[in-house]
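# Have a look; sequence and predicted model below, questions after that.
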Amino acid sequence: MIDVTLANFQAEVLEASLTTPVLVDFWAPWCGPCKVLGPILEKVEQAYAGRFKLAKVNTEDEQQLAGYFQIRSIPTCILFVGGQPVDGFMGALPEGQIKAFLDRNLPTPEQLEAQADVQEALQAAASGDTEAALQRLREALAHDPDNDDARYDLVRLLVESGRLEEASAALAPALGKLPLPLRFEALRHWIDALEFARHDPRGQWPLEKFDELIAANRRDFETRLAKARVLIAQGDWTAAMDELAEIIMRDKKWGDEVPRKTYVALLELLTPPPRDAGAAPKSAAGLEIAGHAAAAEDPQAELVSRYRRKLSMALN
């Protein structure tokens, strides 16, 4: 248990909850039910052995924090996961109800093992040890087959390593989700483009050959789409989106909207993930805590914004 103030709320709650859920108890010294609830929460924290962290906010001393989270009655408890409030309760609940509340919201031991595997995988990938990263991600999915982050990272790393058959097999379970998450659909379009470049004869064409055919017929959408897929395989994704936009501007519905879907997939794959965005988490009221100023938009995010605008113009 830790006492939290405005000065350390950013570090002890928002940032800490990115790795371990944090239950924040808003209380006051004069509050009778708070005195009943406090020892129960501390007992439960010990019983759960690190599955969550307990933080306490004295609303008498920290009225600004209480205002941020619109605390109207005490005790009020708010659970933070991933830098955001996800659930809460008011009043001095008995121990059994508190445990039921936590069990609804906290990851299981298997999910925690999977999360640890994912973190180790990210570290291994960052250091260039692809094989170790892949092994950790496979272990994460063995512990928690529904861990979408582990599956996405595994498929993406397999694709980047050129292991398209393995990537397709690892992606297959996610493709059955309804609705299909955009990031998994994006991976499917990426794999489709790479498979095209690998197996279709046009995948070996020089770009000049595509350009000659397109110059002869600006509405040769098959050639434009083929060129875009070759550009994707070559890693020139912005040029690929430029080519796809030319199709979309001329015929939005052509080819079952594959050009638009592929364009959107590239935007999704180019968008920096939240864990790498570098922005400080914010309070439920949308206020940055402890004076964190808004960070300047990074070049990757600016590029994605620019191409989102270009797609919007092509669709209108």
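It's in.

# CA only for contacts and neighbour counts going forward, please
OK.

# Can you identify each of the helices in this protein by residue range?
Here the chain has its helices, by DSSP state H, at 6-9, 32-47, 63-68, 95-105, 109-126, 130-143, 148-160, 164-175, 182-199, 207-216, 221-234, 237-250, 258-270, 299-315.

# buried set for the helix or strand of the chain with the lowest mean pLDDT?
Counting by mean pLDDT, DSSP states H and E, the chain has its least confident helix or strand at helix 109-126, which shows a mean of 88. For helix 109-126, a neighbour-count test (16 or more other CA atoms under 10 Å) marks 111-122, 124-125 as buried.

# Run through the residues that contact the nearest residue to residue 115 once chain neighbours are set aside.
Nearest residue to residue 115, sequence neighbours excluded (CA to CA, 6 or more residues apart in numbering): residue 140, at 6.9 Å. Residue 140 makes contact with 113, 114, 115, 116, 117, 118, 147, 150 under the criterion CA atoms under 8 Å, 6 or more residues apart in numbering.

# Confidence-wise, which of the helices of the chain is weakest overall?
If you rank the helices of the chain by mean pLDDT, helix 109-126 sits at the bottom with a mean of 88.

# contact partners of that helix?
Contacts for helix 109-126 (CA under 8 Å, 6+ apart): 130, 132-137, 139-141, 143-144, 147, 149-150.

# Using PDB, list the CA coordinates for stretch 240-256.
Extracted C-alpha coordinates of stretch 240-256, given in PDB (Å, rounded to 0.1, in the frame of the first residue of the first chain):
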ATOM      1  CA  ALA A 240       2.100   2.000 -52.300                       C
ATOM      2  CA  MET A 241      -0.600   4.200 -50.600                       C
ATOM      3  CA  ASP A 242      -0.100   6.800 -53.300                       C
ATOM      4  CA  GLU A 243      -0.800   4.200 -56.000                       C
ATOM      5  CA  LEU A 244      -3.800   2.800 -54.000                       C
ATOM      6  CA  ALA A 245      -5.200   6.300 -53.600                       C
ATOM      7  CA  GLU A 246      -5.200   6.700 -57.400                       C
ATOM      8  CA  ILE A 247      -7.500   3.700 -57.700                       C
ATOM      9  CA  ILE A 248      -9.700   4.900 -54.900                       C
ATOM     10  CA  MET A 249     -10.100   8.400 -56.400                       C
ATOM     11  CA  ARG A 250     -11.300   6.900 -59.700                       C
ATOM     12  CA  ASP A 251     -13.400   4.000 -58.400                       C
ATOM     13  CA  LYS A 252     -14.100   3.700 -54.700                       C
ATOM     14  CA  LYS A 253     -15.800   0.300 -55.000                       C
ATOM     15  CA  TRP A 254     -13.500  -1.400 -57.500                       C
ATOM     16  CA  GLY A 255     -12.300  -4.900 -56.700                       C
ATOM     17  CA  ASP A 256     -14.500  -5.300 -53.600                       C
END
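
# Using the centroid of this structure, identify the residue furthest from it.
residue 216 (43.3 Å; CA atoms, centre = their mean).
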